[in-house]
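Peer 1: pasting the structure only:
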């Protein structure tokens, strides 16, 4: 289970089954899926997605790891996306940070703000030595967020049935 995290504008809480409609609406947008895995991007089935998400939501990755739903502190019912901190492919050994937001939330700094809170949690609270981000090389927005947070390109990494650019962030970077 993940702890609640707060920033100046955001509240990040453990995701739960009551939010499946929010996640389905976000991920139903092909542009949101554009830089995820080809399988997810190209073969999105809303009913299958909802069922799979309901099964995955309770998965425990250990204390402090998992998925957060991002919401505004000023409009707590407004869905702004999700952030993760978990072992790559659920197995590791690397610990991965990630974020995904609906188009309506793009360009407002929410991804950077949420990812910064999750990164601080990982490096400071969980005392991780390193966190990685797996990013499609054409995803300029996510590359900008990772760079802003101090991640550096460190090669390629196969995961989730495809290849990503691997970005690393050391605790003392």
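Peer 2: Thanks, I have it. Because the structure is predicted, anything quoted here is derived from the model rather than measured. Numbers count the residues shown, from 1 in each chain.
Peer 1: which secondary element of the protein has the worst mean pLDDT?
Peer 2: Sorting the helices and strands of the chain by mean pLDDT, DSSP states H and E puts helix 38-42 at the bottom, at a mean of 91.
Peer 1: for that one, list every residue counted as buried.
Peer 2: Judged by neighbour count using 16 or more other CB atoms under 10 Å, the buried positions of helix 38-42 are residue 41. (Glycine included, C-beta is placed from N, CA and C.)
Peer 1: ok, residues contacting it?
Peer 2: 27, 30, 33, 34, 35, 161, 162 (CB atoms under 8 Å, 6 or more residues apart in numbering).
Peer 1: please apply the same query to stretch 92-103.
Peer 2: 25-27, 29, 31-32, 36, 65, 70, 79-88, 110-111, 114-115, 118-119, 122, 128, 130-134, 142, 145, 157, 169.
Peer 1: only the buried residues of it, if you could.
Peer 2: So for stretch 92-103, counting by 16+ other CB under 10 Å, buried means 94, 95, 96, 97, 98, 99, 100, 101, 102.
Peer 1: and what of stretch 7-14?
Peer 2: So for stretch 7-14, counting by 16+ other CB under 10 Å, buried means 7, 9, 10, 11, 12, 13.
Peer 1: can you list these in a markdown table and add secondary structure?
Peer 2: Formatted as a markdown table, those follow (DSSP: H, G, I helix; E, B strand; the rest coil):
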| residue | secondary structure |
| --- | --- |
| 7 | coil |
| 9 | coil |
| 10 | strand |
| 11 | strand |
| 12 | strand |
| 13 | strand |
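Peer 1: of all those residues, which comes closest to residue 152?
Peer 2: Distances from residue 152 to the buried residues of stretch 7-14, taken as CB to CB, are shortest for residue 7 (23.6 Å).
Peer 1: need the contact list for the closest one.
Peer 2: With contact taken as CB under 8 Å, 6+ apart, residue 7 is in contact with 73, 113, 114, 116, 117.
Peer 1: run the last query once more with 6 Å
Peer 2: Contacts for residue 7 (CB atoms under 6 Å, 6 or more residues apart in numbering) come out as 113, 117.
Peer 1: kindly report the same for the one 3 residues further on.
Peer 2: Taking CB under 6 Å, 6+ apart as the definition of contact, the neighbours of residue 10 are 70, 113, 114.
Peer 1: quick one: distance of stretch 140-155 to the chain centre.
Peer 2: Its chain's average C-alpha position is 14 Å from that of stretch 140-155, according to CA atoms, centre = their mean, to the nearest Å.
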